[in-house]
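Q: attaching a predicted model along with its sequence, questions to come.
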Amino acid sequence: MDYQTASPAYYDFGMSEPCHKADVRHVAARLLPPLYSLVFIFGFVGNMLVVLILIYCKKLKSMTDIYLLNLAVSDLLFLLTIPFWAHYAAGQWTLGNAMCQLLTGLYFIGFFSGIFFIILLTLDRYLAIVHAVLALKARTVTFGVVTSGLTWGVALSASLPAIIFTRSQKEGSRCTCSPHFPPSQYHFWKNFQTLKMIVLGLVLPLLVMVVCYSGILKTLLRCRNEKKKHKAVRLIFAIMIVYFVFWAPYNIVLLLSTFPEFFGLNDCNSSNRLDRAMQVTETLGMTHCGINPVIYAFVGEKFRNYVSVFFRKHVARRFCKHCPIFQREIPERANSIYTRSTGEQEISTGL
C-alpha cells in the first residue's frame, strides 16, 4: 500500500522545500471511500462464493481446485484491509500502530500470494495441456497443498520489510500509517521495495505467462476440437490481458514515483500528478481481486453449473423447503477434469 499521499507534506531529497499535498488528500477523501467500498462488496461476495463452491461442490479434488481456493483466500485477505484504507483516506489513521502493521501485512501478503497463485495456476495449465501425461503424476492434491504452503511462506517473506518499516505516527496535524525507512538507508529500502514490487508483480508473471502460454498456444493449434480450442484460447488471453491491464499501470507509476529524477519529475507539480496517478492506478489494481472470480471460475461452464447447483441445494431449499422443484436430488455435473492423453476435457472448461 502506498501511503505517500496520506502525509501532509512530502519531503524529497531532490526538493529544497516541502511539497504540500492538501489537494491530493481532499480528492482522495471524496473519491476513495466509495470506490473502495464497491471493490470490497463485489470482491468479497465473489470470492466467498468461489470458496463455497470449491469446498461444497467441487470438494477440492484436484490441484487446480487447491490453487483456486488459495487464490480466493489471497484476494479475501487483500479485501479485508480495504474498508480500513477507505476510512484512512477519508480522514486520518486512528487505529494505532498494531493495526497499522497488521493491516499492512495482510495487504502485502494478499497481494504477493495472489500473484504467486496466478503463476501456479498458469504452470498448472501448462502441465495439463502441454505435458498431459506427466501431469497425471505431478498434478496431485498433495502436491498442490505442499506448494501452496510454500507459496504462503514466500509471500510472508516478501511482505516482511513493509511490515517492519510501516508504523503509525503523528505527522504535522495528522496521524498517518506509512513506511518510515531509516534515514541512513532511506534510498536503499525505498528503491528495494519498488524494484521488488515490479519484479514480483510484473516482470516475473509476465515471463511465466509468455513462456507457458506460448507452449499452450502451440499445443492448442494442434487440437482437433475447434470449439474447445477457441474456448481455451479466449480464457488464456483474458487471463493475460486483464491481469496486466489492471496492474501494469500501477507498477509503471510506482517506478516513476520512486525514481523521479531519472524521468525529470522531481518537482512539486509532477509529484502531485504522480500521487493522483498512484491513487487511480492502485485503485484499478485493487479491483482485480474482485475480477479474479470471473476470470478463473465463472468463465468455465462447469463452474456455472456448480453455482446453479449450490444455490439450489444450499440456498433456495432453505427458503422454500416444500417447493417440488427442490425435492428431487440435483446431480453433480462434470466431476472429472482429467484425461489420460490430451487433457482436452479441462481445456474446454478453463478452470
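A: Received the coordinates, thanks. Numbering: from 1, shown residues only.

Q: what is the burial count for Asn272?
A: By other C-beta atoms under 10 Å, 18 other residues sit near Asn272. All C-beta spots, glycine's among them, are computed from the backbone N, C-alpha and C.

Q: equivalent analysis for Tyr213, please.
A: For Tyr213, using other C-beta under 10 Å, the count is 20.

Q: surely it and Ile129 touch.
A: No: contact criterion C-beta atoms under 8 Å: Tyr213 and Ile129 do not qualify, at 9.8 Å.

Q: just the C-alpha atoms of the helix or strand hosting Leu207, please, in PDB.
A: When secondary structure is defined using DSSP states H and E, the element that contains Leu207 is helix 204-220. Only the C-alpha atoms of helix 204-220 are listed here, as PDB (Å, rounded to 0.1, in the frame of the first residue of the first chain):
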ATOM      1  CA  LEU A 204       8.000 -12.500 -13.200                       C
ATOM      2  CA  PRO A 205       4.400 -13.200 -14.000                       C
ATOM      3  CA  LEU A 206       4.900 -11.700 -17.500                       C
ATOM      4  CA  LEU A 207       7.900 -14.000 -18.200                       C
ATOM      5  CA  VAL A 208       6.000 -17.100 -16.800                       C
ATOM      6  CA  MET A 209       2.900 -16.300 -18.800                       C
ATOM      7  CA  VAL A 210       4.700 -15.600 -22.100                       C
ATOM      8  CA  VAL A 211       6.700 -18.800 -21.900                       C
ATOM      9  CA  CYS A 212       3.800 -21.000 -20.700                       C
ATOM     10  CA  TYR A 213       1.100 -19.700 -22.900                       C
ATOM     11  CA  SER A 214       3.400 -19.800 -25.900                       C
ATOM     12  CA  GLY A 215       3.700 -23.500 -25.400                       C
ATOM     13  CA  ILE A 216       0.000 -23.800 -24.700                       C
ATOM     14  CA  LEU A 217      -1.000 -22.000 -27.900                       C
ATOM     15  CA  LYS A 218       1.300 -24.200 -29.900                       C
ATOM     16  CA  THR A 219      -0.400 -27.300 -28.400                       C
ATOM     17  CA  LEU A 220      -3.900 -25.900 -28.900                       C
END
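
Q: mean confidence (pLDDT) on that helix, please.
A: What helix 204-220 shows for mean pLDDT is 87.

Q: could you do stretch 62-72 as well?
A: For stretch 62-72, the mean confidence score works out to 89.

Q: got the CA coordinates for it in CSV?
A: Provided in CSV are the C-alpha atoms of stretch 62-72 (Å, rounded to 0.1, in the frame of the first residue of the first chain):
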residue,chain,number,x,y,z
SER,A,62,-7.6,-31.5,-7.9
MET,A,63,-4.5,-29.4,-7.7
THR,A,64,-6.3,-26.7,-9.7
ASP,A,65,-9.0,-26.5,-7.1
ILE,A,66,-6.4,-26.1,-4.4
TYR,A,67,-4.8,-23.2,-6.2
LEU,A,68,-8.1,-21.6,-6.9
LEU,A,69,-9.1,-21.8,-3.3
ASN,A,70,-5.8,-20.3,-2.2
LEU,A,71,-6.2,-17.5,-4.8
ALA,A,72,-9.6,-16.7,-3.4
